[in-house]
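**Student:** Here's a sequence, model it:
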Amino acid sequence: MSEIVEIVKERTDGGEDGVDTEPTGPFVALGERLRDAAEAFAGHGDAVPDILAGMVDDVDRALREELEIFPVCHHSPASALAMVRRLREKQPQVVYLELCEDLRPLIDELHNCQLPVALQAFATEIDGFPARWAPLSVVAPITEASAEYQAIAYALGTPGVELVLVDRSTDHVFQWNRPAPEAEEPTPPAEAGEGDPDGEGELHGDAVGIEIGALRPGFAELEAYLLHHGKVRHWSEWWDQYVEQPLAGADYTTYRQVMVMIGSLFRRLRPQDHARQAVDEDRERYMWTRMREHLATSGADPERCLYVCGAFHAASRVEEFGLASEAEPFPISPRTETAWRYGLIPSSHSAIEAQFGLAPGAVSIAAASWRRTIGRTRLKPFRLEGRKTTKKRATKATGTTRAAPAAGGAPVTDQLSGFLQAPPEPHLLDEDELLGWCVDIVRLARRNHYLASTADAIAVFETSILLAGMRGRARPTPYDFEDAAVTCIEKDRVPGRRDVRRLCEILLGGDRVGSVGYDALPPLARDVLDRLAPLGLNLTARTKQRALLDLRQHPELAPCSDLLWMLRRLLGDVVRPIMGARTLGERSIQESWDLTLGRDQRALVQIGYEGVTIEQVLERRLREAVRAPDATAATALDAVEEALLYLDSPRLGNDLGNRAVELLAAERTVDGAPRVLRGIRRLLAHYRGTEDGPPAWSEAFVTGGYAHYCTLLPTAFADEEAGPRQVGAMLGFLFGMESFALSLGCERTQLELAVRQSHPSAPDKVALHWAAMARLELISQAELRARCDELLANPLVVPAFPRYLSGFIQALEAVPTLAPFVVELLSKAFARLPDATLLPWLPQLISTLRKEAGELVPVLVREAGRTFPGGLAELDGWTPPWDAPAGAEPAAEEASATPVNRAVAELLAAHPESCSSVATLLGVAGEWRSLPAADPADSAGELVARHPESAQAVAALLAPAG
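**Tutor:** The predicted structure is shown next:
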């Protein structure tokens with residue numbers, strides 16, 4: 001205990017606890033006893049006596065307030081039970097709730113949801129905050145086993161009851177938590193929990209969490225001390241043992257006093273320079289200001305009102321505390337111009353635990369404890385069953401409404417002393433419950449491939465009792481049972497998908513996942529579900545749904561297919577195609593889809609914040625993508641393609657294409673050249689197949705790109721940061737679009753000058769430069785072959801030869817006719833290089849080709865297949881074309897006149913006028929040669945003449961009747 005006293009001295013030194021007044025009223029005796037005990041233990045002049053006396057004073061102050069304060073803890077079954085009892089007893093007319101005030105419209109939609117769900121405020125268009133913060137998101141999860149939900153259900157289900165949210169708006173959440181100027185990200189607001197390193201909070205994403213009644217020590221030393229001496233592992237376990245269980249059966253007055261005392265303790269032990277201190281105090285000023293404003297405008301009786309807030313805020317010491325405060329109203333800053341969107345998203349127990357740093361399974365255990373207590377006490381909680389049911393229940397409750405004495409006006413009695421002095425109530429071991437857990441966990445373990453048996457169930461039972469005894473508990477808690485199950489059943493490795501700890505969570509309540517009802521969904525989400533209704537699937541189910549579309553037999557499903565492809569573009573794997581594809585000019589006649597819209601409902605809801613229809617959202621995103629600061633010409637071309645694929649909108653495609661022309665002209669690097677080349681090729685191929693042909697923007701893009709890349713080509717050849725892939729793509733654009741560009745008025749001289757002015761030094765770029773010169777006929781094929789032969793003959797250049805070869809392969813995109821030469825070059829390298837040079841060189845060659853020219857290697861393979869013989873028998877007598885003697889070429893030409901082509905040759909020889917005219921037009925002089933005699937052994941005509949029966953039968957079949 002002396003350790004924690006030293007911590008308290010250090011943390012509270014120089015604090016403001018010494019300004020507290022002496023306790024008055026019924027708590028005088030308790031305050032004196034606590035002070036005397038603290039002084040006897042810690043000595044005079046210590047901070048501990050003042051802290052304990054101040055706690056009693058905070059309790060007295062909160063209970064004497066005219067407006068009844070109901071202190072709660074987030075997701076606490078004890079708080080929910082006390083709330084149910086108090087609401088049924090008092091039946092207040094106004095309920096003030098500590099929750100962001102701008103989330104109030106969402107509360108009415110909880111009728112249509114299955115808990116747990118989260119209220120969400122979302123903003124992508126921000127104004128007044130740094131742009132790097134976008135998007136902004138705030139979530140407030142709601143579970144049934146929470147006091148806030150019971151208050152909400154009571155207010156919505158009882159006529160004449162008003163629910164008022166009084167906490168700061170979501171806009172102020174970020175206003176009041178600005179980071180330092182050098183910070184990159186916004187500081188997590190006061191309610192934000194710890195991070196989610198395991199990814200368990202995926203349902204909430206990276207949203208900021210808002211919780212009502214966060215109660216946790218303000219510094220790690222105190223929490224570590226409590227966990228160590230409480231013999232527990234997590235704060236949730238400590239809270240359940242020392243707060244939840246003792247308060248579950250306590251009366252309302254005792255509950256209030258204990259909760260305010262705990263809130264005061266954690267508040268007073270928090271360091272005065274804590275980052276959240278100023279924010280929490282401003283929130284309290286904000287809430288009391290809003291409540292006084294509402295009481296003044298509505299004329300409500302404070303004795304008929306109830307203020308539900310965290311126990312931490314119930315022990316507030318700000319000047320604005322209380323309705324009788326004479327402090328000036330707290331100045332509330334206006335909201336920014338940020339456009340906030342509001343909606344409900346599914347939540348889960350694991351998401352809440354990850355969001356707020358709770359122990360895994362804590363919320364599930366709390367929900368199970370809530371259900372057991374409700375069943376044992378036969379207490380009827382408040383629930384939102386649906387709009388129709390709620391109206392009937394509300395009408396019935398109208399006649400039974402009765403007013404109970406308000407706690408604020410009732411005399412305050414000291415129930416705290418008795419609670420603190422009373423020994424813990426003995427809890428007898430419930431063997432039936434524990435045995436049921438042990439049997440069920442063994443059954444679950446066997447289903448998940450564990451080799452568990454009845455002996456393991458007995459071991460878990462005995463170990464649970466043993467652990468509870470070691471931790472000072474009369475009966476095992478779910479945490480004891482969970483530790484015992486892991487100890488007795490868990491193996492060295494997990495045989496299935498779930499380990500034993502996860503199976504315990506499932507057994508004790510499971511990770512319940514909520515859902516948002518159809519009526520509570522945004523208009524876009526409802527529109528999506530309506531348009532997919534012809535598929536006949538239950539799209540709200542959490543299981544994976546398989547959609548089969550036969551568009552040939554059922555063309556009416558084509559709109560569903562179009563919508564699914566748009567959802568695929570916006571939601572990713574939430575909508576996943578199993579069969580079928582969509583490209584420019586291609587549509588599948590059969591498609592198969594896996595849909596998880598029910599399980600990933602959050603993604604669909606957040607899309608609904610951006611527009612009314614899915615087409616509107618997609619168009620907006622495409623326009624934003626091309627207008628973004630980091631947009632490139634390749635990005636714009638991709639957007640044009642998607643506009644044609646998904647929206648079939650030539651108008652939008654033209655707008656995005658014009659933006660692509662602007663972006664290309666503004667680019668000063670060639671990093672995006674490969675994507676630009678592939679994109680414009682696909683689009684031009686698509687447009688040439690349409691009735692209208694290429695649009696005006698594509699012509700401007702080709703002419704502008706031709707001039708742009710000609711200008712950048714010398715720089716790219718010399719720049720070390722521009723790789724061979726980028727330079728090869730530039731040459732591919734210039735040579736591939738050359739005919740189109742020349743027809744639009746470009747000059748080839750510009751390209752020739754750019755190539756002549758280029759002087760590369762890197763081997764791969766040198767090869768690209770030589771290929772470009774050969775394509776422009778600046779060097780001959782023989783000269784190019786001679787240069788490469790010199791490279792192979794130079795032993796100093798051989799180690800770098802793979803880079804030369806990589807450059808030639810990159811050039812195939814621009815000069816595809818170079819493929820035979822590259823095959824020749826590679827063949828010469830393998831034929832001429834000795835093994836001592838070739839074997840160390842091969843790994844470098846393979847890695848270079850894989851890294852820099854992987855997609856072009858198949859071109860080489862096909863060319864090699866045409867060059868080399870197809871079998872081993874022909875290989876011995878085969879001579880490579882580049883090694884064949886010059887005199888053998890005419891013989892080869894003569895031998896190529898096979899009987900298959902003889903009919904064509906005879907036709908051209910019989911009517912030479914057409915060929916002669918073309919030759920004259922091209923300026924080619926030549927003489928007609930006589931055809932060689934046909935070989936009777938190989939003549940098809942000889943075969944037909946020898947066996948005329950088949951030809952005569954065909955002629956008779958084709959002859960007209962009669």
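**Student:** what are the phi and psi angles of residue 163?
**Tutor:** phi -110, psi 120 (degrees, to the nearest 10).
**Student:** Please tell me how far residue 778 sits from residue 752.
**Tutor:** Residue 778 is 7 Å from residue 752, where distance means Cβ to Cβ, to the nearest Å. C-beta: built from backbone N, CA, C; applies to glycine.
**Student:** Output the below-cut-off pLDDT ranges for the stretch 51-200 of the chain.
**Tutor:** 178-200 (pLDDT under 70).
**Student:** Over to the stretch 601-750 of the chain?
**Tutor:** For the stretch 601-750 of the chain, no range has pLDDT under 70.
**Student:** can you pull out the helices in it?
**Tutor:** 601-607, 614-627, 633-642, 650-666, 673-688, 696-718, 724-736, 738-743, 748-756 (DSSP state H, counting those that start in this stretch).
**Student:** Please apply the same query to the stretch 251-400 of the chain.
**Tutor:** 252-268, 277-298, 311-314, 349-356, 362-377, 387-398.
**Student:** closest to residue 927 out of those helices?
**Tutor:** helix 349-356 (86.8 Å; Cβ to Cβ).
**Student:** gap between that closest one and the chain center?
**Tutor:** 17 Å (Cα atoms, centre = their mean, to the nearest Å).
**Student:** Residue 120: what secondary structure?
**Tutor:** strand (DSSP: H, G, I helix; E, B strand; the rest coil).
**Student:** I should have written residue 59 there, sorry.
**Tutor:** Quick answer, by three-state DSSP: residue 59 is helix.
**Student:** Isn't it up against residue 263?
**Tutor:** No - using Cβ atoms under 8 Å, residue 59 is not in contact with residue 263, being 9.4 Å away.
**Student:** follow-up on the earlier one: and the helices of the stretch 251-400 of the chain, which is most packed in?
**Tutor:** Ranked by mean neighbour count, the helices of the stretch 251-400 of the chain are led by helix 311-314 with a mean of 29 (mean count of other Cβ atoms under 10 Å).
**Student:** From the contact counts, what lies against that helix?
**Tutor:** Applying 3 or more Cβ pairs under 8 Å, 6 or more residues apart in numbering; DSSP states H and E, we find helix 311-314 packed against strand 68-72, helix 252-268, helix 277-298.
**Student:** And those: which comes nearest residue 359?
**Tutor:** helix 252-268 (18.3 Å).
**Student:** and the angle for that closest one with strand 68-72?
**Tutor:** Using axes from the mean of the first three to the mean of the last three Cα atoms, to 10 degrees, the inter-axis angle of helix 252-268 relative to strand 68-72 is 70 degrees.
**Student:** Output the contacting helices and strands for helix 252-268.
**Tutor:** helix 47-63, strand 68-72, helix 77-90, helix 245-248, helix 311-314, helix 416-421.
**Student:** can you redo the ones you listed as TSV with distance to residue 492?
**Tutor:** Listed next are these as TSV, based on distance: least, Cβ to Cβ, whole Å:
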stretch	distance to residue 492
helix 47-63	48
strand 68-72	44
helix 77-90	36
helix 245-248	35
helix 311-314	44
helix 416-421	47
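**Student:** Out of these, indicate the one that is most buried.
**Tutor:** helix 311-314 (a mean of 29).
**Student:** roughly how far is it from the heart of the chain?
**Tutor:** 35 Å.
**Student:** Kindly report the same for stretch 479-488.
**Tutor:** Using Cα atoms, centre = their mean, the offset of stretch 479-488 from its chain centre is 34 Å.
**Student:** repeat for stretch 434-442
**Tutor:** 38 Å.
**Student:** same deal with stretch 493-508?
**Tutor:** Remark: stretch 493-508 is offset 26 Å from the chain centroid, using Cα atoms, centre = their mean.
**Student:** Buried residues in that stretch, which are they?
**Tutor:** Burial within stretch 493-508, assessed by neighbour count using 16 or more other Cβ atoms under 10 Å, is assigned to 498-500, 502-508.
**Student:** now swap in stretch 481-493 and tell me
**Tutor:** 481-486, 488-489.
**Student:** quick one: which of the residues you listed sit in helices?
**Tutor:** 481-486, 488-489 (DSSP state H).
**Student:** ok, of these, which one's closest to residue 123?
**Tutor:** residue 482 (39.9 Å).
**Student:** That closest one: what's it in contact with?
**Tutor:** 361, 501, 504-505, 508 (Cβ atoms under 8 Å, 6 or more residues apart in numbering).
**Student:** about what we covered before: find residues that contact each of residue 59 and residue 263.
**Tutor:** residue 315.
**Student:** Walking through the stretch 851-962 of the chain, point out its strands one by one.
**Tutor:** Counting by DSSP state E, counting those that start in this stretch, the stretch 851-962 of the chain has no strands at all.
**Student:** Let me see the ranges of the helices in it.
**Tutor:** Counting by DSSP H, counting those that start in this stretch, the helices of the stretch 851-962 of the chain are 857-867, 872-875, 888-895, 899-910, 913-922, 940-946, 949-958.
**Student:** Where among those is average confidence lowest?
**Tutor:** If you rank the helices of the stretch 851-962 of the chain by mean pLDDT, helix 888-895 sits at the bottom with a mean of 42.
**Student:** quick one: the residue nearest to residue 588 when sequence neighbours are not counted from residue 959, how far?
**Tutor:** Closest residue in space to residue 588, ignoring its immediate chain neighbours: residue 580 at 3.7 Å, by Cβ to Cβ, 6 or more residues apart in numbering. For residue 580, the distance to residue 959 equals 48 Å [Cβ to Cβ].
**Student:** Looking at these two now, which is surrounded by more residues?
**Tutor:** residue 580 (17 against 8; other Cβ atoms under 10 Å).
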